[in-house]
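Novice: here are the coordinates; sequence isn't available:
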């Protein structure tokens, strides 16, 4: 079985741009923990195909983005 | 002129099946799996060898044809990280071998802290198997419904060597040109992390000079499903697992009170005597997206390891312990005894 855990909000670019790798990881981890993640079980026919899995991930992230816009 | 077949090259491909035991087409452009050396292949066994007993006049009777070819491919490999932020398409090099070995894969894609984690799974519905094709000596060795079990070891500051022992429904080997793998292999320039600064946590002990380790998932998967209505062989059903880690570490001062470890002292004898559940985590590599760790439980801080054996040893004048720990589930029903994490 394959699962994906997706962040409910994308990490801000300024955190990803922190030069020190340890500081960047710590800052990103704190942001992701605060934003929350959702876990999905991936259907077998998608899990065996990287392109289909990529589409699945992008679809879920787009749904999160749309939900965030509705909230705003 | 040289011989017509040579033992100089090999190639390996594999992909997770969508329906167990039904072979799927493999592509050299996507499904390469990088091995560290030639695999150990055995396609000689059958579930039934066709023997019919003795002839009345002496000797043995003519056999019927054998049924149910068994294919085994024991694959040596290295664990090479994705080299970039993990995603649906950026995976560690052993991704398919781990999944076929009964490890549930979880891709976690939080920006800046992306990981792939692999944890045991016993099924029945979630278990994954693969179609695999191994090429050497100008021949192709295919298996379907391939299940595996993994192990890993290193002695000294070397690249840890993993093994995946695959077992599946074998097909008669055929002559085949070596495929030109153009997808699935990591780039040649991406090197695996070495075991030269292994970070070991055993209980509270973190100051260990680690000499080597051996990890073994020990999944049983050799129960053949004999099938007399369709070809004789319906594959396998994996059984349980008993993950263990044997760590060779230089001896230090004995901790004198429970919990039998501090950051600089350790008492593995007392840990065994007490049967305490402790933390056991071992990390290899330091570079993000090309490092991995094995730990007891669902997190690196879980108290889910038990010392089950302690042997005194030495290397010249240096005293060593060979400490064997077993990884335990957190409850009687959960399947969470260990995890392998690439981050």
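Specialist: Thanks, I have the structure now. Given the structure is predicted, the values throughout are model-derived calculations rather than measurements. Numbers count the residues shown, from 1 in each chain, chains lettered A, B, ... in the order given.
Novice: remind me which residues of chain B are low pLDDT?
Specialist: Residues of chain B meeting the criterion pLDDT under 70: B:1.
Novice: just want the most central residue of it.
Specialist: The centroid of chain B falls nearest to residue B:150 when counting by C-alpha atoms, centre = their mean (1.6 Å).
Novice: residues contacting the residue of chain B positioned farthest from its centre?
Specialist: Residue farthest from the centre of chain B, counting by C-alpha atoms, centre = their mean, is residue B:57 at 50.8 Å. Contacts for residue B:57 (C-beta atoms under 8 Å, 6 or more residues apart in numbering or on different chains) come out as none. C-beta coordinates here come from the backbone N, C-alpha and C atoms, glycine included.
Novice: now swap in the one 10 residues further on and tell me
Specialist: Taking C-beta under 8 Å, 6+ apart, we find residue B:67 in contact with B:46, B:47, B:48, B:50, B:231, B:232, B:233.
Novice: and it, how far is that from chain A?
Specialist: Going from residue B:67 to chain A by C-beta to the nearest C-beta, to the nearest Å gives 29 Å.
Novice: what do you get for residue B:186?
Specialist: Noted for residue B:186: a distance of 15 Å to chain A, by C-beta to the nearest C-beta.
Novice: what about that residue, how many residues nearby?
Specialist: Neighbours of residue B:186 under the rule other C-beta atoms under 10 Å in any protein chain shown: 19.
Novice: can you verify my assumption that it contacts residue B:79?
Specialist: No - Residue B:186 is beyond contact range of residue B:79, at 10.4 Å (criterion: C-beta atoms under 8 Å).
Novice: list residues touching both of these two?
Specialist: residue B:93.
Novice: who in the stretch 1-150 of chain B is up against chain A?
Specialist: B:15-18, B:24, B:30, B:87-89, B:99, B:104-113, B:121, B:125-128 (C-beta under 8 Å from any C-beta of the partner chain).
Novice: may I see the buried residues of stretch B:177-184?
Specialist: Across stretch B:177-184, burial judged by 16 or more other C-beta atoms under 10 Å in any protein chain shown covers B:178, B:179, B:181, B:184.
Novice: pull the most distant pair out of these.
Specialist: Spatial extent of the buried residues of stretch B:177-184 (C-beta to C-beta) is set by the pair B:178 and B:184 at 14.8 Å.
Novice: just to revisit the earlier point, which single one of the buried residues of stretch B:177-184 is nearest to chain A?
Specialist: residue B:184 (9.8 Å; C-beta to the nearest C-beta).
Novice: what about the closest residue to that closest one other than its chain neighbours, how many residues nearby?
Specialist: Excluding the flanking residues, the one nearest residue B:184 by C-beta to C-beta, 6 or more residues apart in numbering or on different chains is residue B:32, at 3.2 Å. Neighbour count of residue B:32, defined by other C-beta under 10 Å: 23.
Novice: for residue B:32, give me phi and psi.
Specialist: The phi/psi pair for residue B:32 (degrees, to the nearest 10) reads phi -70, psi 140.
Novice: okay, and the beta partners of it?
Specialist: Beta bridges link residue B:32 to residue B:13, judged by DSSP bridges.
Novice: tell me the SS of residue A:9?
Specialist: Recorded secondary structure, residue A:9: coil (DSSP: H, G, I helix; E, B strand; the rest coil).
Novice: and the spatially closest residue to it that is not a sequence neighbour, what does it touch?
Specialist: Nearest non-adjacent residue to residue A:9, counting by C-beta to C-beta, 6+ apart: residue A:35, 4.2 Å away. By C-beta under 8 Å, 6+ apart, the residues touching residue A:35 are A:7, A:8, A:9, B:110.
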